[in-house]
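Enquirer: Okay, predicted coordinates and the sequence, questions at the end:
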Amino acid sequence: METFLDAVWDTSSVTGRLVTTAVMIAVAVLFGIVAGRLAARKSADTHTRYYLRKAVHYVTVVVLLISLAVLWRPFAGRIGIVVGLVAAGLALAMQEVIGAFAGWISILTGRQYRVGDRIQMCGVRGDVLDITPLRTRILESGSSTDPESWIRGRQYTGRVVSLSNRFVFTAPVYNSSTVLDHLWEELTLPIPYDTDWQLAERILHEEAESISSTAEARQAIAQMRHRYPVAEAEVDPRVFIRATPNWVELTARFVVPVRAARQVKDQVTRRVLGRLSEHGLRVASITQDITVRTRAPATSAPADEPDDRHT
């Protein structure tokens, strides 16, 4: 027993270091198992217990590696070179982390977005839930232009998406609520040429005017112009007309709040279609009406009279 203890405390010979290394590994394994179980007992949540055990194991491994490095001193006398190589390796291996941290500083200082803003970045649209030094968490909302989105409108999908902060340097960030908190929305209806499209235009304009948040948007733009040298924006509802080979295309443009765009468009669409139906106006489509006419069978020519001649 004394010989074993002497070998454990002997750090000058190779044999002593090997014995000490084996003892340190055994103690680390035993400590990791016991400490992991004790830490897991402090929480009733399954996920919390899992992460506590993982954290204890990782800390144990790091402490063991540092202790072994001190024991064997493989780079004694070359600490400057070792530190330089380690720093270069960490910079190369952690360039994503460094970029994310730099992006976090840019977000805070540049006010690109804040918690609660509705943004779109890297194809993800939604409201910002949290901004950490490495990642931005977004409560995703659907998109009518993205074929992979099963929510066909700007409403929550229920998914939380985490994006690295480094993307603020490499991808455009669309912020819909930091300045105006309003959007310009459009409703397009095709009207046949043989229909009273002037009446349809008037109905579309009246409904767009009744539901447009013109006053709020004008006030927001006035406040924005105090901060940024931008031109005056048109916020009054308008109906634009475009002639096509098939129909007259009427497009109503109006202003809606960012988080109520789908509801507002639904309301104005229902009202417009209802009023068009009341006035007997129809909406054109690419379908075609085909009428099939059948002809009466032609009268067959009379059969030849039988020949009464006899041979």
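Expert: Nice, thanks for sending it over.
Enquirer: Quick one: the strands in this protein, in order.
Expert: With DSSP state E as the criterion, the chain has strands at 118-121, 124-131, 135-141, 156-164, 173-175, 182-191, 238-243, 248-257.
Enquirer: how about CSV for those, with mean neighbour count, distance to Phe101 and mean pLDDT added?
Expert: The C-beta positions use only the backbone N, C-alpha and C, and glycine is treated the same way. CSV is the format used below for these (neighbours: other C-beta atoms under 10 Å; distance: least, C-beta to C-beta, whole Å; pLDDT from 0 to 100):
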stretch, mean neighbour count, distance to Phe101, mean pLDDT
strand 118-121, 20, 17, 90
strand 124-131, 18, 12, 90
strand 135-141, 20, 11, 91
strand 156-164, 14, 10, 88
strand 173-175, 15, 17, 90
strand 182-191, 18, 32, 90
strand 238-243, 13, 46, 93
strand 248-257, 21, 35, 92
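Enquirer: among those strands, which is nearest Leu273?
Expert: Nearest to Leu273, of all the strands of the chain, is strand 182-191, at 8.5 Å by C-beta to C-beta.
Enquirer: Against which helices or strands is that closest one packed?
Expert: helix 197-211, helix 214-227, strand 248-257, helix 261-278 (3 or more C-beta pairs under 8 Å, 6 or more residues apart in numbering; DSSP states H and E).
Enquirer: Show the average pLDDT along stretch 43-52.
Expert: The average pLDDT within stretch 43-52 is 75.
Enquirer: My read is that His279 contacts Arg202, right?
Expert: No. Using C-beta atoms under 8 Å, His279 is not in contact with Arg202; the gap is 10.1 Å.
Enquirer: so where's the chain shaky on pLDDT?
Expert: Within the chain, the stretches with pLDDT under 70 are 1-13, 72, 74-83, 86, 144-153, 287-292, 294-311.
Enquirer: most centrally placed residue in it?
Expert: Val124 (1.6 Å; C-alpha atoms, centre = their mean).
Enquirer: Spatially, which residue comes closest to that residue, not counting chain neighbours?
Expert: In this structure, Val124 finds its nearest non-sequential neighbour in Val161, 4.9 Å apart by C-beta to C-beta, 6 or more residues apart in numbering.
Enquirer: ok, now Thr195?
Expert: Thr195 sits nearest to Leu281 (C-beta to C-beta, 6+ apart), 5.4 Å away.
Enquirer: Wait, that neighbour touches Asp196, no?
Expert: Yes. Between Leu281 and Asp196 there is a contact under C-beta under 8 Å: 6.4 Å.
Enquirer: which of these two has more neighbours?
Expert: The residue with more neighbours, out of Leu281 and Asp196, is Leu281; 19 against 13, by other C-beta atoms under 10 Å.
Enquirer: Enumerate every residue touching that one.
Expert: Neighbouring residues of Leu281 by C-beta atoms under 8 Å, 6 or more residues apart in numbering: Ile191, Thr195, Asp196, Leu199, Ala200, Ile203.
Enquirer: switch the cut-off to 10 Å
Expert: Leu189, Ile191, Pro192, Thr195, Asp196, Trp197, Leu199, Ala200, Ile203, Val272, Leu273, Arg275 (C-beta atoms under 10 Å, 6 or more residues apart in numbering).
Enquirer: Tyr228 now?
Expert: Val179.
Enquirer: picking that back up, separation between the residue nearest to Val124 and Arg125?
Expert: 9 Å (C-beta to C-beta, to the nearest Å).
Enquirer: what touches both of these two?
Expert: With C-beta under 10 Å, 6+ apart as the test, Val161 and Arg125 both reach Ile138, Glu140.
Enquirer: Number of residues surrounding Gln155?
Expert: By other C-beta under 10 Å, neighbour count at Gln155 equals 13.
Enquirer: cool, Arg53 as well?
Expert: Neighbours of Arg53 (other C-beta under 10 Å): 17.
Enquirer: I'd like the numbering to begin with 803 instead of 1 from here.
Expert: Got it, the first residue is 803 from now on, which makes the last one we talked about Arg855.
Enquirer: And the closest residue to it other than its chain neighbours, how far from His1081?
Expert: Nearest non-adjacent residue to Arg855, counting by C-beta to C-beta, 6+ apart: Gly838, 4.1 Å away. For Gly838, the distance to His1081 equals 75 Å [C-beta to C-beta].
Enquirer: Ile933 and Val926, how far apart?
Expert: For Ile933 relative to Val926 (C-beta to C-beta), the value is 14 Å.
Enquirer: Then Leu820?
Expert: For Leu820, the distance to Val926 - C-beta to C-beta - is 53 Å.
Enquirer: Which residues are in contact with Arg927?
Expert: Taking C-beta under 10 Å, 6+ apart as the test, what Arg927 contacts is 920-921, 940, 942-945, 947-948, 951, 956, 959, 963, 976, 978.
Enquirer: swap in Arg1073?
Expert: Ile1005, Leu1006, Glu1008, Glu1009, Ala1010, Ser1012, Ile1013.
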